[in-house]
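Student: Can you look at this prediction? I've put the sequence above it.
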Amino acid sequence: MDRKFPKSERLHSRKLIKELFDKSSSFFLYPFKVIFLPVISGETNQVLISVSKKKLKRAVDRNLIKRRIREAYRHHKHMLLVEDGGSIKRIGLIYVSSDLMEYSEIQKKLAKILRKLTTL
RNA sequence: CGUGCAAGCCGACCUGUCGCUGUCCUACUGGGAGAGAGGAAAGUCCGGGCAACGCAGAGCGCCAUACUUCCUAACGGGAAGGGGUCAUUUUGGAAACGGAAUGACCACAGAUAGUGCCACAGAAAAUAAACCGCCCGUGUCCCUCUUGAAGGUUCGGGUAAGGGUGAAAUGGUGGGGUAAGAGCCCACCGUCCUAAUGGUGACAUUGGGAGCAGGGUAAACCUUAUGGGUUGAAAGAUCAAAUAGGCUCCGGGUUAAGGGUUGCUCGCCCGAUCCCAAAGGGAAACCGGAGUGGGUAGAUCGAUGGAUCCAUCCCGUGAGGGAUGGGCUAGAUAAAUGACAGGUAGUGCCGCCAUAGGACUCCGUCCGUCAGCGGCAAGACAGAACCCGGCUUAUAGGCUUGCACUUUUU
RNA sequence: GGUCCGUUCGUCUAGGGGUUAGGACGUAUCCCUUUCACGGAUAAAACACGGGUUCGAUUCCCGUACGGACUA
C-alpha cells in the first residue's frame, strides 16, 4: 500500500490555495473544518493542513497537531483513491479545537471525514 | 550522610516498522549511504554584519546614553576600580559624629544656567517667615500712704533657643555670651573655596583659608557631553512559461467598422484620417507571421565556513587578546526533523523479601535502612525562518565544585 | 517576519503625581403602585502583575503577562 506523502500531494501553491478558499464547499466535523474543491485537471489529490495561531498559541503544540494530522492522512489516504473515474479533489483540513487531541482520536475523526468525502 | 546557598554543566538512551527535508553514490523514476532544532531556537529589549536608497557643508529639531578606566566589530553588554546608601559587629568620643571589618543594594552627570511643581497640615514651603512662647520699652488696670516690685492687658520692637505641623522648617553637639537670643564668639564635626602630593582616571590624603554661601524634585521641562542618515532578507540580485498589451521587421490590406431608429429581424438614416494634380498609388487603421524589451506565476541566488568550535601554550588582576594544532554535522519556504510499538537506566510512591541499628511493656511489637524483586506514575521549558554578540524571561530532573549548618561515628 | 498601541467596578468608559478614583448601563434594597413597568432614593462593586524614582504612583521609568491594530 502506498503510504508516502511527497510534496506533490501537499497543497503548496499560493495561487491554488487562494482558489481553494474562494471557491470551495465546506463542512464541519469536530475538531475539523473541511473545505474541498473538485477539479478536472490535476494528477493527484492535494491536501492542506492548517492549525490556527489563535487556537494554539505555542508553536510546539501547532507542530505536534500538524504532525499527527499528517500522519493520520498518510495512513488513510487510500480511502480517497479514484477507482471509477471520480474527480480529483483539493482538500483543506483546518483544526479548530483549542485542545491537544491524541493521535488515536484524530485518526478516527479523519477516517470519518475521508469516508464522507468519497461520497460527495 | 543530609539540608541550604552560590557558580558551572547536562537537558535520558536503544531497537524495529512506516514516513518527511537536504547531500552524495548508483541508476532511470527505482535503490543505497550518511545528516537533520535550542540553552534558551522564545521575548524582540539593545548592538553589529549584510543589502537597497539617500548624502556639499553647517545649524535647529528628534531619539538614546550618562562615576572612572578598560574589553569589544559594536553595544544600553561585560571586567576591574572609585564613590554613596542601608544593615550587623567592633572601636574612638560627653555628644554630634568619625574609623575599621563583613554583607546587600545603587539609571551614580548637572538643582550655584533658567523655568515649573511641592496636596493636606502648619505662622511660614523658598525673594523667607513671628502662631504659641521668651525678652525689652510704653500706656493702662489691680494692689499700695508714696516711689514702685510682682501680676494682667493694649500698642511698638527684639528673638529662629523651646513648642506645635509636616516627607521636608535655612548646619549639628558642647561651652561662652546676652534683656532674651542668635556662627554673635570658641572647640570638635560637617560644608564651601584653595594649594600640594599620590593615582592614567573616577578619587584619596594632607595643609591653608572662609562663619557658612544653603530645601526637595531632572524616571518634570531642561542644560552639558557623546552617539545616531532611512528602511529591513517579505532587503535585494539573476533567469523567466502561458495570456494580454508595447516596440521593430515582413506579408496581406482599402474592404467598411461603428452608431441611431425597433421588443426582434429586414429596411432606412448618420458616419471614412493624411500625402501625391487626378485615375490610381503610398502611409495610417485593421489582419497574419517572426523577432524583441519590460515583467506576472514560478525557479535560483541571498542562505548558512563564521567577530566559528575544541585542546594546549603565552600575555593580562579580569573581561579578553595572541600563537599552534585539530574539527565542522539543519538549511526548510503553506514551511522538514515525526507517528506507532517494544525495551533499558535513573527519579518518586506502594508492596514483598532480607537485614546493620534503635525504642519499648525486651519470648515479642514498633520505628528505620544498604542491596534485591514486582507494580504504578511523572519525564520540564520549549520548535530554527538571513546570520552573529549580549540582555531579559521560562525550565521537571540530574551531575560537579566551593561555602555554611545539623546529625552520627571515630 | 517586522512595526506600533492598549490593560481602571459585571460591561462601556473619564481621569496623566496629592481625588472619598467620576459617569452611563446592569445588580441589590427601599419608596411610589392593587400589582408590574416607568420614576425616585440609597448601597455594593475597579486601577493586570513584579520592581524602582518620589514625602507620596492608577498616573513617571524598567521588566513580565495578556489583548489588539497595522504591514504583506
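Tutor: Noted; the coordinates are in hand.
Student: What helix or strand is the residue most central in space within chain A located in?
Tutor: Centrality entry for chain A: nearest residue to the mean C-alpha point is residue A:93, 3.8 Å, by Cα atoms, centre = their mean. Per DSSP states H and E, residue A:93 falls inside strand A:88-95.
Student: And the next helix or strand past that strand?
Tutor: Toward the C-terminus from strand A:88-95 - assigned by DSSP H and E - lies helix A:103-119.
Student: What residues of that following helix count as buried?
Tutor: A:106-107, A:109-110, A:113-114, A:117 (16 or more other Cβ atoms under 10 Å). To be clear about C-beta, it is placed using only N, CA and C from the backbone, and glycine gets the same treatment.
Student: just the angle between that helix and strand A:88-95, please?
Tutor: 150 degrees (axes from the mean of the first three to the mean of the last three Cα atoms, to 10 degrees).
Student: can you tell me if helix A:103-119 touches RNA strand B.
Tutor: Yes. Residues of helix A:103-119 contacting RNA strand B under Cβ under 7 Å from any atom of the strand: A:103-104.
Student: Could you give the average pLDDT over that helix?
Tutor: The average pLDDT for helix A:103-119 rounds to 82.
Student: Same check on stretch A:37-54?
Tutor: Averaging pLDDT along stretch A:37-54 yields 76.
Student: Tell me the residues of chain A that contact RNA strand B?
Tutor: Near RNA strand B, when you scan chain A using Cβ under 7 Å from any atom of the strand, you find A:2-7, A:10-15, A:17-18, A:48-50, A:58-60, A:63-64, A:66-68, A:70-71, A:74, A:102-104.
Student: Drop anything exposed from these.
Tutor: Here, 16+ other Cβ under 10 Å leaves A:11, A:17, A:48-50, A:64, A:66, A:68, A:71 buried among the residues of chain A next to RNA strand B.
Student: a markdown table for these, including secondary structure?
Tutor: Listed next are these as a markdown table, based on DSSP: H, G, I helix; E, B strand; the rest coil:
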| residue | secondary structure |
| --- | --- |
| A:11 | coil |
| A:17 | helix |
| A:48 | strand |
| A:49 | strand |
| A:50 | strand |
| A:64 | helix |
| A:66 | helix |
| A:68 | helix |
| A:71 | helix |
